[in-house]
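# need a 3D model of the following:
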Amino acid sequence: MLRITPIYGSSQSANVRQPNSGSEDDNPSEWLSSPVPSCTLVEYAGTKLLLNAGWDESLPLSTFTSRNKKSDTAAKATTTPSVVPEELPDVDAILITDSTLSSLGGLPLYFAASKYDKRGRTPRCSTQTNNNNPPFLATYPTVKMGQMTLYDHHASLSLDGSHPGYTLEDVDAVFSKDSFITLKYSQTLYLPLDEEGDGVNNKSRKQTKKKLLSITPQLSGHVVGGCYYVLQRLADDTSVILAPTYHHAKEKHLAGCTLHKFGLNADALVTMPGGPRGLLGKLYQPPQQHQNIRGGITIQYNKGKPILSPPMGNRSEAEFIESIMATLRRDGNVLLPVDASGRVLELLLILDRHWERQRLSGAYNLCWVGAMAYNTIEFARSQLEWMAEPLGAQFDSQRGHPYALKSVRICSSVAELEGVISASNGNPTVVLASGTSLDHGPARDLLLKWGENPDNLILLTDSTRCVPRGDVWFGHDGENAEKGAKEERRQEEKETDEDGKLAGTAIAASDVSAYTTASQLLYQWCLAKAGGEEMADEVAIDVNVPHRAALAGAELKEFLADEEAERVKIQAEAEKKAMMQEIEEAKGRLRLGEDDTAGLKSSGAADGASKGTGCSAVTRPKKKSRFDQNLFIKFSKPVHMTFDVREEAVGIGQPDSVAKYGIGESVGRSNIVEDDYGISVKAESFVDIVTGVDPSKFAGGSGRIGEEVMRRGLGFGADGRPITASGPGRTGDGEHANVDGMEEDLGINDKMLEVADLSNGKGIIKGRNGRPPIKVSTAPRRLEVLAEISYIPLEGRVDARAARQSVRALQPRHLVVIGGPKSNAKLLTDALQITGASNAMTIGGGDAETFVPHDGETVQLTVGHAAYSCRLVDTPHMSQTEKDAMEESGKEVEPVEPYEAKIGECTVSLVDFVATGKKWAVDGSVVLAPRLQKSSMNQSSLMLSTREVLLTDLRAEVTALGMKAEYAALSGHSQLIVNGKIYVRKDNTTGKLDIEGPLCEDFYNVRSVVTGQFVTLTT
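Down below sits the predicted model:
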């Protein structure tokens, strides 16, 4: 039994509130993204699995931010819709398909150690076996790129003063080496996993469990490391395919999906409908498929054809390059909102190759801006084996690394980008900026700077983040709407951003759009395409503009109280550390006292002379050696006089004075801590190799730079040096005040300290140099965009048409559609030829079913094969009467030899048999015997084929024989006309082939070609 339960993200959620919508058949036309964050429970073969745990702006984040509140009543005050669960069920493993937020954005929210969980689950650890999180299964690029995606998402939100719902420590805990089990393509993992148990003498040993299910990832395209999973039950070899997102076409950096190779004739296929939703999805459909458009939108069709053609790889790339070059030639800038580590790799290759081929680096700038851009490209350069073969061949042939990106300037912030543009004398620039939703990140900042210039271009290539704003969509901001509006009106004249004035005009909290900025822009573009008109010169959108204000009132009191509590905590930790240091020093002295006797015995004649003179000085104790030095003396050579070697060592991170004394003498002469391995290491004395900053100067000397933000490159350039607004890689010359006596003037500018303060998600910058604490937040503003807006689909996923063709080619016995709107889900169900009012469908003479479940609705599927071990004997089966008659006549029973035919790797026969009711003594197989009398089968022969016979394949073979063939697709059937007189018809429902025509040589040749596609079996 297979059970599929969408936890959230299904296309038919009964709990999703659709604003301005009275219909539940489809989502609003403004919602343009079909893929949504999803999480699906799969119960199969006695195991429980979760398929993805996604999260992005379309889901309310207040579910998790309320958990961290100190008061339980405050947590209960936030109403959480049932579509957003507070906890996920206990499972055996979690399958992650790719590195996008839609697949793994919820991992740090649900499975981090700091999150409230009544089950007490913690991240997996090799030294702990109880209350661990389930293992996460993914490919290696998915783990690394997914980590970069979450880092970038955290930076985009926290630098705007928002709380992402998780900390950077949560990401590190979730992506630890013990949490993820990395798999390669076609590598099989068996469940349940073996557990660590207590062995003899406290040695751990694995407790082997009986394996029930095998899991194999296969290449799915879309992003590097993306995969779909093949689940196979070991009992009967039934297979279930979990393929939510895939892409068949080959791209610059990725090969095509292998779903048609490993997913044929599966017992069940769990997938998502392809293509966008809303108004954008309707532009790809012919007019007869949608007559009533919500909102009174009228689509002007051209001769009954769709407005937009299905995306094609080469055509989309050519249009992509032409749009960019047209803008650059008019001295405009191009803004490309991209993700952090996914589809951006494809766009970088396309643009870099064009820049190199046309030698455009001297005239136009090509930049990539993102908090984790430098880290992402380093990971990409080490993952060529996961990408397309031509990239690996280029590297192996020593033609250079494909991701050297000689024409691309990598920047970590908009300030560094401005320095690059200034250094090039203001040349037109193409910027791939992180922040696909345009609500946060560098892409939003560049939209505010470039949106008012009509010569600029805002080019959207991905509609996956054109989704509703979760907190607005679900009404989570209603309780603070009035308070926020009053606060905004009171401080509207005082609030300033980095440029000194907020962009746009103020709007009321009730008038804020429920959709992301990218969704608003793309929707306006779709409206213009639907009406057959050019876009208006000005497009009004709602943008979250960052602003800063001095902290005051209750927030200031709370902040000061928290700072005082943190100071007391740091002081207590310092005192505890000092006490532990004194304890270690005392232990060192005790160890020296134990070694006094051994040191005196080994002192030799020099010590004896000292004692003879009556000197009261105590000799330096020698550290006890674990080795017998006599073992290393070669007795074949003369033994020379040996001297005691004075043991000296320099402790890692210790003062230089340690080198003047040995390990024994160092203790007691300076503040040096000794452990079992010698002089201990002071980690806080190291210089961070990523940032080049001494981490001991931050976070109270704990060795962490503001929640480890600086360790991940935030606020630093590609060269690893801190950046300022004056230019890339330059350190500011401003003053730096000490904070609690912990920060010193080391050339660290205020910008870097602000990044460290904002990384905790509180949105407060600590007061320095006499300045009060500053509150950083975003204010909704109405912005008039004058720049050109365009959309070219380069999402790297199947559209609705390709998904429908894939389902028809795969021919699964059961189809489960999750995610996407109802209209797109119907396209997949239509691909399996729905008959009647129920969901029963006929495919090649068999029955198949399709399901589109709601959130929380469980679909139960009966999958499996009635497979038994059988043994066929050649002696015909006879009743007792027949045996007696045979003995009286004196005849012997002749064995039956069935006709055998070879099909692929198998040998098949058509036999009319009967079960004898006996079992083979050796292995218990059921014994089958052929019938003695004439076969009762209705047909004396049977034609078999290993695959579906396509008329297009027949046309190629007929053409090879020198005959002309024309293919035509008609209603209910398709046909092939050979030489204008021979007709080969195929019924679309049953797949039956008919050959009609005059009896001539051409007829027999065509019939021979058709029958050659089958193997004929006779009884």
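
# burial count for residue 426?
For residue 426, the tally of surrounding residues (other C-beta atoms under 10 Å) stands at 11. (Glycine included, C-beta is placed from N, CA and C.)

# what strand or helix carries it?
Using DSSP states H and E, residue 426 sits within no helix or strand.

# for residue 364, see how far away it is.
11 Å (C-beta to C-beta, to the nearest Å).

# go on, residue 4?
50 Å.

# which one's more surrounded, these two?
Neighbour count, other C-beta under 10 Å: between residue 4 and residue 364, residue 4 has more, with 25 against 22.

# who's that one bridged to?
Beta-bridge pairing of residue 4 under DSSP bridges involves residue 42, residue 859.

# need the contact list for it.
By C-beta atoms under 8 Å, 6 or more residues apart in numbering, the contact set of residue 4 is 40, 41, 42, 43, 270, 816, 818, 851, 853, 858, 859, 861.

# the third one contacts residue 51, correct?
I take that to be residue 42. Yes - between residue 42 and residue 51 there is a contact under C-beta atoms under 8 Å: 5.8 Å.

# need the overlap of contacts for these two.
Common neighbours of residue 42 and residue 51 (C-beta under 8 Å, 6+ apart) are 242, 270.

# mind listing the helices for the stretch 401-550 of the chain?
414-423, 441-450, 470-473, 481-491, 517-530 (DSSP state H, counting those that start in this stretch).

# same deal with the stretch 251-400 of the chain?
Using DSSP H, counting those that start in this stretch, helices in the stretch 251-400 of the chain cover 259-262, 278-282, 313-329, 344-358, 373-381, 389-396.

# can you tell me which helix or strand residue 89 belongs to?
Applying DSSP H and E, one finds residue 89 in no helix or strand.

# next up, the contacts around the nearest residue to it once chain neighbours are set aside.
Distance criterion C-beta to C-beta, 6 or more residues apart in numbering; nearest residue to residue 89, sequence neighbours excluded, is residue 41 at 6.2 Å. Residue 41 makes contact with 3, 4, 5, 6, 7, 48, 49, 50, 51, 89, 91, according to C-beta under 8 Å, 6+ apart.

# where does the stretch 701-850 of the chain dip in pLDDT?
701-749, 821, 832-848 (pLDDT under 70).

# so where do the strands sit in it?
Along the stretch 701-850 of the chain, the segments classed as strands by DSSP state E, counting those that start in this stretch run 764-765, 774-785, 788-791, 814-817, 840-843, 846-851.

# surely residue 446 is in contact with residue 414?
Yes - contact status for residue 446 versus residue 414: in contact at 6.5 Å, counting by C-beta under 8 Å.

# show me which of those two is the more surrounded one.
Taking other C-beta under 10 Å, residue 446 and residue 414 do not tie; residue 446 has more neighbours (24 against 21).

# what does the model give that one for pLDDT?
On pLDDT, residue 446 comes in at 95.

# same question for the one 3 residues further on.
Model confidence at residue 449, expressed as pLDDT, equals 93.

# next up, the contacts around it.
residue 414.
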